[in-house]
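In: sequence and predicted structure are below.
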Amino acid sequence: MRKMLIIVIGIAMMPSVTARAENVVPGVPWTAPSAEVTSFRVLVRDGWYNMPTDMVSWKDLYWLSYRRGTGHRAANSRIVLLRSNDLRRWHEVKLFESPYGLEGGFAVAMGHFCIADQQLFMFLGVRKPSDRERDATPHIFVTSTVDGVNWSKPQLLELGDLNPYPWRVRYHQGKFYNAVTYLVESENVLDLITSDDGVHWKSHARIAETPPAGQKYFTEESELLWRPDGELWCVVRTGSAHMYWSKPPYTSWQGGIHIGLCDAPAMCETDGQVYVAGRGLAKVVLKTNEIGGKKGAPTLYHLTREGTKPLVSFPAGGDCSYPGLISPEPGKLIMSFYSDVAYQSGQVKPKFHDEYGYKRTACDIYLAEINLLD
């Protein structure tokens, strides 16, 4: 009996140890008095290098996308599409592969949603193999669904002789919009482009002729949001991040104000206020070394024309952020992001590598629910 009892106790203890390793959330987020993180949890921890996320609410369901791969680059990667009706239980409902196929190292690098009328669109960035960083800029394909199950054949985006690289495409009053840069030194401008179908694009207006003072370049990481009076706001990552705005018909732009560090911005309006999430300055650093805690952390800001006010800063990792941001009801936000903080801090052992490796080992997908108290 003693022997049997020892065996039973040993078996009973194992799942609790495993569960702690699978669900541990490293650190506690920093919050301003006007924000409260009511839930901060691991959504995906499977040993893969999971990274850029996006979220939408469509057909009374939550949809979340992220890239599953083996490293920071797009090698051997897919876009994973998850679906939930309660933010707790998620179905894996779709895997997007490179429309070019896999031969020669092609891989899908990122995926972003856009809701247009009754359709859900997915814009897929497919990385072209190259030895040169600039030549490795992805081509963007678009696919869509009307029922959430059956998706159209991906089509390559076109802008004249170019294949534009939009980051977050947005839809407003019958047209698709994006703020795009051309990712070449000779054309380091920021343009607003439009499309009737999401495939064929044309230039609409010049947002900025040159990067703001002190900044060397614009990046492709931009976000657009329409205010109730029709004004259009644009936030774009430069060396840090800057904001522009324009009234209809969006041909004359103002701003260029510096709003601080906010890589890969995602904007959302709730209860009449605008919020932006991105990689911001770290306030919670669990382990300081040559990579962790130096540059940034998943961060939420309150955004106005005057700038940003930090509301939430999650624990910093070596590689992290690239959020999705939605508001399911007034005064509440849902934020998704990726981070390697569990491995960088040493709180979780990587599944497939003995030691933590920057941009190599693993990244997890996190989900946070945030109440806005003001």
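Out: That came through fine.

In: any chance you could map the helices in the chain?
Out: For the chain, the helices defined by DSSP state H occupy 2-23, 341-344.

In: can you tell me what sits against the last one?
Out: Contacts with helix 341-344, where a contact means C-beta atoms under 8 Å, 6 or more residues apart in numbering, come from 24, 26-27, 42, 45, 286-287, 289, 291-292, 314-318, 320, 348-350, 356, 358, 361-362, 364. For glycine as for every other residue, the C-beta is placed from the backbone atoms N, C-alpha and C.

In: ok, F176 - contacts?
Out: Going by C-beta under 8 Å, 6+ apart, F176 touches C114, A116, V169, R170, T194, S195, D196, D197, G198, W201.

In: what subset of those residues is buried?
Out: Buried by 16 or more other C-beta atoms under 10 Å: C114, A116, V169, R170, S195, G198, W201, out of the contacts of F176.

In: got the buried residues for stretch 78-87?
Out: Buried residues in stretch 78-87, counted by 16+ other C-beta under 10 Å: R78, I79, V80, L81, L82, R83, S84.

In: find the nearest non-adjacent residue to the fourth one, please.
Out: Counting by C-beta to C-beta, 6 or more residues apart in numbering, K94 is the residue found nearest to L81 once chain neighbours are left out, at 3.9 Å.

In: which ones are touching the one you found?
Out: V80, L81, W151.

In: from those residues, pick the one nearest F337.
Out: Comparing the contacts of K94 against F337 with C-beta to C-beta places V80 closest, at 15.0 Å.

In: correct me if wrong: that closest one contacts S65.
Out: Yes: with contact defined as C-beta atoms under 8 Å, V80 reaches S65; the gap is 6.7 Å.

In: one step back: just the buried ones among the contacts of helix 341-344, please.
Out: Buried among these by 16+ other C-beta under 10 Å: 26-27, 42, 45, 286-287, 291-292, 314-318, 320, 348, 350, 356, 358, 361-362, 364.

In: any stretches of the stretch 101-250 of the chain with poor pLDDT?
Out: 129-137, 185-186 (pLDDT under 70).

In: how about a cut-off of 90?
Out: For the stretch 101-250 of the chain, the stretches with pLDDT under 90 are 102-106, 127-138, 162, 182-188, 213-214, 216, 239.

In: now the strands for it?
Out: With DSSP state E, counting those that start in this stretch, the ranges of strands along the stretch 101-250 of the chain come out as 107-116, 119-127, 139-145, 155-156, 170-172, 175-180, 190-195, 201-208, 222-226, 232-237, 241-246.

In: so what's the gap between the shortest one and the chain middle?
Out: Taking C-alpha atoms, centre = their mean, to the nearest Å, the mean C-alpha location of strand 155-156 is offset from the chain mean by 22 Å.

In: wait, what's in contact with G278?
Out: Contacts of G278 by C-beta under 8 Å, 6+ apart are 237, 241, 261-266, 299, 301, 321-323.

In: what is the most widely separated pair among those residues?
Out: Those two in the contacts of G278 that are separated most widely, counting by C-beta to C-beta, are Y301 and Y322, at 15.3 Å.

In: wait, isn't R170 in contact with N178?
Out: Yes: the criterion here is C-beta under 8 Å, and R170 meets it with N178 at 7.1 Å.

In: between these two, what contacts are shared?
Out: Common contact partners of R170 and N178 (C-beta under 8 Å, 6+ apart): L224.

In: let me see the contact set for the closest residue to G278 other than its chain neighbours.
Out: Distance criterion C-beta to C-beta, 6+ apart; nearest residue to G278, sequence neighbours excluded, is C262 at 3.7 Å. Contacts for C262 were tallied using C-beta under 8 Å, 6+ apart; they are V235, R237, S240, A241, V276, A277, G278, R279, G280, T299, Y301, T308.

In: show me which pair in those is furthest apart.
Out: Farthest pair in the contacts of C262, by C-beta to C-beta: S240 and A277, 14.9 Å.

In: in stretch 332-345, what's buried?
Out: Buried positions in stretch 332-345, judged by neighbour count with 16+ other C-beta under 10 Å: 333-345.

In: among those residues, which two are most distant?
Out: Based on C-beta to C-beta, the longest span within these runs between L333 and Y343 and measures 26.6 Å.

In: closest one of the contacts of F176 to E209?
Out: Set against E209, the nearest of those by C-beta to C-beta is T194 (19.2 Å).

In: that closest one against V180, yeah?
Out: No: using C-beta under 8 Å, T194 makes no contact with V180, being 10.6 Å away.

In: need the strands of the stretch 101-250 of the chain in a markdown table (columns: distance to P33).
Out: Rendered in a markdown table, the data for the strands of the stretch 101-250 of the chain read as follows (distance: least, C-beta to C-beta, whole Å):
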| stretch | distance to P33 |
| --- | --- |
| strand 107-116 | 32 |
| strand 119-127 | 37 |
| strand 139-145 | 41 |
| strand 155-156 | 48 |
| strand 170-172 | 32 |
| strand 175-180 | 33 |
| strand 190-195 | 35 |
| strand 201-208 | 35 |
| strand 222-226 | 25 |
| strand 232-237 | 24 |
| strand 241-246 | 24 |
